[in-house]
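Chemist: mind looking at a prediction? Sequence and model below.
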Amino acid sequence: MPRQLTALFFSILTACATGGIIAMVGIFSFRFVDNHFFPTLENTATTVLAEQREEISIDTSLLEESDQDPSFVSRFSRVFIYSADDGKDVIESAKNSLPTTGKVKVTSPAYVVIDLDRNAVVLEKNADKLLPIASVTKLVTAVVAKQLMDKDKYITVTKQALATYGNEARLREGEKLKAGELFYPLLMVSSNDSSEVLAQAYGRKDFLKEMNNWVNSIGAYRTYFADPSGLSSQNVSTARDLSIIAQWILKNEPEIYDITLLKSKTVRTHTWTNPTHFLNLASYAGGKNGYTPEADRTSVSLFKLGKQKRTYGVMLLSSAARDSDILDLLEEAVR
């Protein structure tokens with residue numbers, strides 16, 4: 001009898017073990033088939049919605065430029081869906097696509113949100129507070145260079161220009177580029193050396209004088225430049241002045257914003273890739289970001305929102321979380 005019980009016990013144990021292995025294989029096979037051959041419920045829903053809306057993926061692994069917002073550097077992509085006709089949907093979906101920061105309010109102490117088509121300020125806070133603007137400077141560098149220089153004129157890259165902090169453009173000493181070609185690294189990858197090459201080709205002191213004369217001529221009286229790149233903390237402006245500059249460019253030199261919308265550009269042996277976060281948003285209409293320790297994160301960003309595609313500009317200074325601030329302000333502006 002004990003032998004029979006022992007044999008029965010081992011038979012049951014063997015059956016259980018075999019059943020467990022079969023179950024595990026079955027589960028693994030189901031998951032493999034589910035993941036590789038059949039769309040999940042989530043994927044199916046995304047496919048259905050994508051027929052009516054636009055699906056966008058932001059690759060945050062690209063966010064490594066020195067003047068980009070490090071609070072959003074993360075090695076993964078987020079996918080979000082939005083209706084291009086509804087400004088509120090665009091903003092809300094874009095906000096949901098960004099990594100959570102736990103932020104509950106706008107961090108920028110000085111900003112303006114303006115309907116540029118109507119020249120109507122929608123939101124503002126400390127709009128006349130004078131603060132460093134960092135690489136937002138390069139919008140004015142581009143304007144003045146276009147006015148002063150023949151875009152087809154060849155400029156030689158000098159050792160002095162390359163001594164500037166940062167070499168995002170990967171320019172080489174002795175290399176010759178057209179003035180117009182330098183606008184791409186200047187505006188796409190925020191190249192400090194490109195700004196110096198342009199300024200020094202004209203005469204740096206005179207170029208800076210022209211930058212300061214130009215902002216005064218359009219009514220941005222509180223804006224001042226000490227260098228053409230924005231590295232200097234003496235490059236200062238106000239959110240209100242930046243809105244004046246942004247509107248002038250939109251009306252008179254929109255090609256500058258067009259360059260900031262390019263995802264990549266190849267010129268000769270160079271290829272420049274734009275790391276701007278909002279490029280995958282159909283509503284994004286261009287702009288320029290900046291960062292230095294003194295200025296923190298700054299931005300002039302344009303968006304076309306609503307069925308009428310009105311152009312809204314967000315000018316913010318000294319932000320601790322630039323992208324979230326921009327989206328929060330836009331959300332408030334279109335309510």
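Modeler: That came in fine, so what should we check first? Numbers count the residues shown, from 1 in each chain.

Chemist: low-scoring stretches of this protein, by residue?
Modeler: 1-104 (pLDDT under 70).

Chemist: partner residues bridging the closest residue to residue 125 other than its chain neighbours?
Modeler: Nearest non-adjacent residue to residue 125, counting by CB to CB, 6 or more residues apart in numbering: residue 111, 5.5 Å away. No exception for glycine: its C-beta is placed from N, CA and C like everyone else's. Counting by DSSP bridges, residue 111 is bridged to residue 125, residue 316.

Chemist: right, and residue 111 touches residue 313 too?
Modeler: No - using CB atoms under 8 Å, residue 111 is not in contact with residue 313; the gap is 10.6 Å.

Chemist: just the strands in the protein please.
Modeler: Assigned by DSSP state E, the chain shows strands spanning 54-59, 77-82, 110-115, 120-125, 131-132, 154-156, 176-178, 236-237, 264-267, 270-273, 284-292, 296-305, 310-319.

Chemist: any chance of the ones you listed in a markdown table, with mean neighbour count and distance to residue 148 too?
Modeler: Compiled in a markdown table, the strands of the chain are given as follows (neighbours: other CB atoms under 10 Å; distance: least, CB to CB, whole Å):
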| stretch | mean neighbour count | distance to residue 148 |
| --- | --- | --- |
| strand 54-59 | 16 | 37 |
| strand 77-82 | 16 | 41 |
| strand 110-115 | 24 | 28 |
| strand 120-125 | 15 | 31 |
| strand 131-132 | 22 | 25 |
| strand 154-156 | 15 | 12 |
| strand 176-178 | 16 | 14 |
| strand 236-237 | 24 | 21 |
| strand 264-267 | 13 | 21 |
| strand 270-273 | 16 | 23 |
| strand 284-292 | 25 | 19 |
| strand 296-305 | 26 | 21 |
| strand 310-319 | 25 | 25 |
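
Chemist: could I get these as a markdown table with distance to residue 195?
Modeler: Output for the strands of the chain, formatted as a markdown table (distance: least, CB to CB, whole Å):
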| stretch | distance to residue 195 |
| --- | --- |
| strand 54-59 | 27 |
| strand 77-82 | 31 |
| strand 110-115 | 24 |
| strand 120-125 | 29 |
| strand 131-132 | 16 |
| strand 154-156 | 12 |
| strand 176-178 | 13 |
| strand 236-237 | 16 |
| strand 264-267 | 16 |
| strand 270-273 | 14 |
| strand 284-292 | 12 |
| strand 296-305 | 16 |
| strand 310-319 | 20 |
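
Chemist: for those, which one sits closest to residue 332?
Modeler: strand 120-125 (6.1 Å; CB to CB).

Chemist: would you mind measuring from the residue nearest to residue 125 to residue 300?
Modeler: Going from residue 111 to residue 300 by CB to CB, to the nearest Å gives 11 Å.

Chemist: which neighbours do these two share?
Modeler: 314, 315 (CB atoms under 8 Å, 6 or more residues apart in numbering).

Chemist: okay then, goodbye and thanks.
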